[in-house]
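A.B. asks: Could you look at this predicted model? Sequence included:
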Amino acid sequence: MFANLEKYFSLPDFKKIDFIFFGLFLFLSLFGLLAVATASIEFSDSLTGEPLNFTKKQFIHLIAGLFLFSLVLSIPLAFWETFDRLFLGLGILLLIWFLFLE
């Protein structure tokens, strides 16, 4: 049953990661986290009573994004080539659906 899954899912090959791009991504993410922290301390304190509430939420979203990034990175290109038309059609349908949402 899981033989087909092993064909599509594997551990990421760290040799193929562009560490300059990943380093820039981390730098910009941490810079954005710093911007959220400095811009929202007073507002968050007056709204929730905790000065770093929005910063903590942003950090949790950053960690979730890094987890999803590593998950997508672990899927070989053959999977994306197999289901590319399906994902494209699903994306277009979602865009049309959100266009008519009120």
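C.D. replies: The structure has been received and is ready for your questions. If you're wondering where the values come from, they're calculated on a predicted model, not measured in any experiment.
A.B. asks: Pick out the residue closest to the middle of the chain.
C.D. replies: Centroid-nearest residue in the chain: Gly65, 2.9 Å away (criterion: Cα atoms, centre = their mean).
A.B. asks: how many other residues sit next to Thr55?
C.D. replies: Number of residues near Thr55 (other Cβ atoms under 10 Å) recorded here: 20. Quick note: C-beta positions are derived from backbone N, CA and C, even for glycine.
A.B. asks: Distance check, it against Phe79.
C.D. replies: For Thr55, the distance to Phe79 equals 36 Å [Cβ to Cβ, to the nearest Å].
A.B. asks: what does Phe54 give?
C.D. replies: Counting by Cβ to Cβ, the gap between Phe54 and Phe79 amounts to 36 Å.
A.B. asks: Give me the more crowded residue out of those two.
C.D. replies: Ranked by neighbour count (other Cβ under 10 Å), Phe54 and Phe79 place Phe54 first, with 18 against 13.
A.B. asks: Return the residues in contact with that one.
C.D. replies: For Phe54, the contact set (Cβ atoms under 8 Å, 6 or more residues apart in numbering) comprises Val36, Ala37, Ser40, Phe43, Ser44.
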